[in-house]
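Colleague: A predicted structure for the sequence below; I have some questions about it.
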Amino acid sequence: MTDPARKLRVLIPEGASTSAREAITILGLAGYHVEVCDPSPWCLSRYSRFVRKFHRCPGLRHDPEGFLGYIERLLEAPFDVLLPTHEQGFLFARAEARLKGRVGLALPRFDNYRMVHSKAGFSRLLDRLGLPQPPTRIVTSESELREAIRFPSVIKTSVGTASRGIWFVRDDADFNIALYELGASDTFADELLVQDLVTGTTEKAQSVFCFGKLVGFHAYRQVAPGVGGGEAIKESVSRPQVHAYLEAIGETLAWHGALSVDYVMPIDSPVPLLIDCNPRLVEPLNAFRAGTDLVDLLLRVSLGETPQPLPESRTGVRTHLAMQALLGQASRGGTRRDILVECGDLLKTSGPYNASTEELTPVQLDWLSAVPLAMTAGLTLVSPKLARTVARGGFGAHLLDLKSIRKIEREDFAGLHQPP
């Protein structure tokens, strides 16, 4: 553990994601000084007693230059560590020359970050390394898509997060809907992936690297789905094959910092198939409960330490996200009675939540987290149909889109072609 007596000052540059909210809990329990900035004054992380100060900043997507300048001004405080928990890492890797020496920050070279941030780039990397993935075709036009499609398939935009930009296509009707939505959003301006839909269990793995060396790893499986592709209940698992996959990826890219992957365990094969990559630490509390503190490890790497690899996580550790569970129940057609039963099981940690601990809104540890949980329960009880609207929730200002990515990639972005 990093010494809590140092009272590290940590800046988290967004507060809307579940990953940020869970990192805040871990940092708060360790006694660190945590500040958060986000475009929304009502973001999820605002409701935590562990957040010492909140800063309302420009949106990353609409104003990446303004967002970067705001972060640089905050760093004058100063802070010990800047901890990107979502797509801000793309911008910070691009601006590494401006940030270097001002704050602890663990990120790889920008070109390597950009490679795995793109679904098409990640797929090509897997091909180059000979790592398993579902049969995949990369297309750039409607005609190529029509030629590449076979049922059942998954169509993915190359840029997309939080389960946005994904279409499950099982027949012609699904395909026509996907074509309509793709055309309406001008998605063919970039690459699309078409992957065979593999039947199996979706799992996720998280890791921390120190200059290409894997020093922390954790994997979990989905026990119960939430909404929008998330998990309502997770259970830690041992996956040495995925550990080896990540070692190969991290070593090839000289990865520095956090890296997470999604994969499928097929019902007809023991070989995990990699399906997505997130160049950040995703929802780290299941790992924390299983004995692997990836947040502390990431802090140490950010501060320039070279830590020894952590031992393997305990398996069979269950955690849940109550908000995901309620939204998931409502979005799948649950009635008010169903939602009340779900609320009862969550309160008593009974039924599917037996021997499981809450990871997103730990009310007993952080009473302020009861506010968004109570609001979610109230909304779903007033109208279960609202769950679909809440799940879509708009495209958050803390997320990137193709336009903002192209802007950050420009040679003259924010004067980054010039010496800092």
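Modeller: All right, it came through fine. Since the model is a prediction, treat every value here as computed from it, not as a measurement. Numbers count the residues shown, from 1 in each chain.
Colleague: which parts of the stretch 151-300 of the chain are strands?
Modeller: 153-157, 166-169, 192-196, 200-210, 213-225, 231-237, 257-266, 273-278 (DSSP state E, counting those that start in this stretch).
Colleague: what's in contact with the second one?
Modeller: I take that to be strand 166-169. Outside strand 166-169, the residues within contact range by CB atoms under 8 Å, 6 or more residues apart in numbering are 149, 151-157, 160, 174-175, 177-178, 181-182, 197, 229. The way it works is simple: take the backbone N, C-alpha and C, and place the C-beta from them, glycine included.
Colleague: pLDDT weak spots in the stretch 251-400 of the chain?
Modeller: For the stretch 251-400 of the chain, applying pLDDT under 70 flags the ranges 387-395.
Colleague: sorry, back to before: inside helices: which ones of the contacts of strand 166-169?
Modeller: 174-175, 177-178, 181-182 (DSSP state H).
Colleague: okay, and residue 122 sits in which element?
Modeller: Taking DSSP states H and E as the definition, residue 122 sits inside helix 119-129.
Colleague: can you check residue 381 too?
Modeller: helix 370-382.
Colleague: next one: the nearest residue to residue 346 once chain neighbours are set aside from residue 167, what distance?
Modeller: In this structure, residue 346 finds its nearest non-sequential neighbour in residue 322, 5.0 Å apart by CB to CB, 6 or more residues apart in numbering. Distance, residue 322 to residue 167, using CB to CB, to the nearest Å: 29 Å.
Colleague: of those two, who's got more company?
Modeller: residue 322 (26 against 18; other CB atoms under 10 Å).
Colleague: distance of that one from residue 353?
Modeller: For residue 322 relative to residue 353 (CB to CB), the value is 9 Å.
Colleague: what do the two both touch?
Modeller: residue 346.
Colleague: and the residue sitting nearest the centre point of the chain, how close does it get to residue 319?
Modeller: Centroid-nearest residue in the chain, with CA atoms, centre = their mean: residue 282, separated by 4.1 Å. To residue 319, residue 282 is 13 Å away according to CB to CB.
Colleague: for residue 183, same thing?
Modeller: In terms of CB to CB, residue 183 sits 40 Å off from residue 319.
Colleague: sorry, back to before: mind listing what's buried in the helix holding residue 381?
Modeller: Neighbour-count burial for helix 370-382 flags 371-373, 376-377, 379-380 (criterion: 16 or more other CB atoms under 10 Å).
Colleague: hang on, the earlier thing: list the contacts of the helix holding residue 122.
Modeller: Here helix 119-129 has contacts from 114-116, 132-133, 136, 138, 156-160, 191, 193, 248-249, 252-253, 274, 276-277, using CB under 8 Å, 6+ apart.
Colleague: weed out the non-buried ones from these.
Modeller: 114-116, 133, 136, 138, 156-160, 191, 193, 248-249, 253, 274, 276-277.
Colleague: which of the ones in helices among the contacts of strand 166-169 sits closest to residue 108?
Modeller: Nearest to residue 108, judged by CB to CB, of the ones in helices among the contacts of strand 166-169 is residue 182 at 31.0 Å.
Colleague: residues in contact with the closest residue to the closest one other than its chain neighbours?
Modeller: Spatial nearest neighbour of residue 182, excluding adjacent residues (CB to CB, 6+ apart): residue 188 at 6.7 Å. Neighbouring residues of residue 188 by CB under 8 Å, 6+ apart: 140-142, 182.
Colleague: farthest pair within the residues you listed?
Modeller: Taking CB to CB as the measure, the contacts of residue 188 have their most distant pair in 140 and 182, spaced 11.9 Å apart.
Colleague: neighbour count: those two, which is higher?
Modeller: residue 182 (18 against 14).
Colleague: burial check on residue 320, number of neighbours?
Modeller: 26.
Colleague: please apply the same query to residue 335.
Modeller: 11.
Colleague: what comes up buried for stretch 49-65?
Modeller: Going by 16+ other CB under 10 Å, stretch 49-65 has these buried residues: 50-51, 54, 57-61, 63-65.
Colleague: so which of residue 183 and residue 319 has more stuff around it?
Modeller: residue 319 (26 against 11).
Colleague: the more buried one and residue 353, how far apart?
Modeller: From residue 319 to residue 353 the distance is 10 Å (CB to CB).
Colleague: anything in contact with each of these two?
Modeller: residue 233.
Colleague: could you tell me which residues make contact with the residue lying closest to residue 231 once chain neighbours are set aside?
Modeller: Sequence neighbours aside, residue 222 is the residue nearest to residue 231 in space, at 4.6 Å (criterion: CB to CB, 6+ apart). Contacts for residue 222 were tallied using CB under 8 Å, 6+ apart; they are 201-203, 231, 233-234.
Colleague: and those residues, which are buried?
Modeller: 202-203, 231, 233-234.
Colleague: could you single out the nearest of these to residue 39?
Modeller: Of these, the one sitting nearest to residue 39 (CB to CB) turns out to be residue 231, at 26.1 Å.
Colleague: what's around the nearest residue in space to residue 131 that is not next to it in sequence, how many residues?
Modeller: In this structure, residue 131 finds its nearest non-sequential neighbour in residue 245, 5.4 Å apart by CB to CB, 6+ apart. Neighbourhood size, residue 245 [other CB under 10 Å]: 21.
Colleague: I'm done for today, thanks for sticking with me.
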